[in-house]
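K.L.:
Sequence first, predicted coordinates after that:
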Amino acid sequence: MDDIVFAIMERRVAALEQMVFKGLKDIPKNQEVTELLLQAHTMIASSLSCRETILSVMQRMAILNGYLDPNYIDSELELEVKKQYILELHPELKKQVELVANIEKLKPFADSPNISQVTDLSDKLEELTITNLNTYEESKTVTDEVLDSLQRYNDITMTTRLLFAELDMRVTELELSENTKNLLDD
């Protein structure tokens, strides 16, 4: 087990040396890593005179610290798990890319002056909404009154129809009684 941990640490140190001595052709072999790190720190501290290249190295310090972390294991199994995870995320990432592309296509419309005026016109929109609601309430009231009037009209018409039907029946009875009296009188 110690041999595996030792091999992992050696690989990390080798990767770190490659990153640190990337531009140098001859890498010193007899110096210790801690001494090299101390020298690198001294060089970085002395050359931090607002150079942008140093800032980029400083931004990569987190990556270097990750390589120096003893709990970091760079195994094939972990790489396969990461690969599987990325493959599982592929459809979702593809969908996200399509959404971003759609947003990019619609960006000119979102940047249009009409859209930028929405915040300015929100008060007017609110006023128009209130007016529209009031008009709706009024129309609902008028509709209810019209329906009530139509119902009363239907009731009156029905009552009139019944009265005329009863009147017709009475007239018919009177005519029949008159005809029977005329027949009896003859």
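P.N.:
Thanks, I have it.

K.L.:
CA only for contacts and neighbour counts going forward, please
P.N.:
Fine.

K.L.:
what's the weakest-modelled helix or strand in this structure?
P.N.:
Taking mean pLDDT, DSSP states H and E as the measure, helix 52-59 is the helix or strand of the chain with the lowest mean score, a mean of 66.

K.L.:
And residue 135, how close does it get to residue 157?
P.N.:
For residue 135, the distance to residue 157 under the criterion Cα to Cα, to the nearest Å works out to 32 Å.

K.L.:
wait, I meant residue 172
P.N.:
In this structure, residue 172 lies at 22 Å from residue 157, with Cα to Cα as the measure.

K.L.:
same deal with residue 144?
P.N.:
Look at residue 144 and residue 157: by Cα to Cα, they are 20 Å apart.

K.L.:
cool, and residue 183?
P.N.:
If you go by Cα to Cα, the gap between residue 183 and residue 157 works out to 38 Å.

K.L.:
do the same with residue 83
P.N.:
Taking Cα to Cα as the measure, residue 83 and residue 157 are separated by 83 Å.

K.L.:
Kindly report the same for residue 66.
P.N.:
Separation of residue 66 from residue 157 (Cα to Cα): 93 Å.

K.L.:
Same question for residue 168.
P.N.:
16 Å.

K.L.:
Check what pLDDT residue 30 gets.
P.N.:
Note for residue 30: predicted pLDDT of 59.

K.L.:
actually residue 71, sorry about that
P.N.:
pLDDT, read off for residue 71, is 69.

K.L.:
Which strands and helices lie in contact with the longest helix belonging to the chain?
P.N.:
Longest among the helix segments of the chain by residue count, using DSSP state H, is helix 122-185. Helices and strands touching helix 122-185, as assessed by 3 or more Cα pairs under 8 Å, 6 or more residues apart in numbering; DSSP states H and E, are absent.

K.L.:
Show the average pLDDT along that helix.
P.N.:
Predicted confidence along helix 122-185 averages 91 (mean pLDDT).
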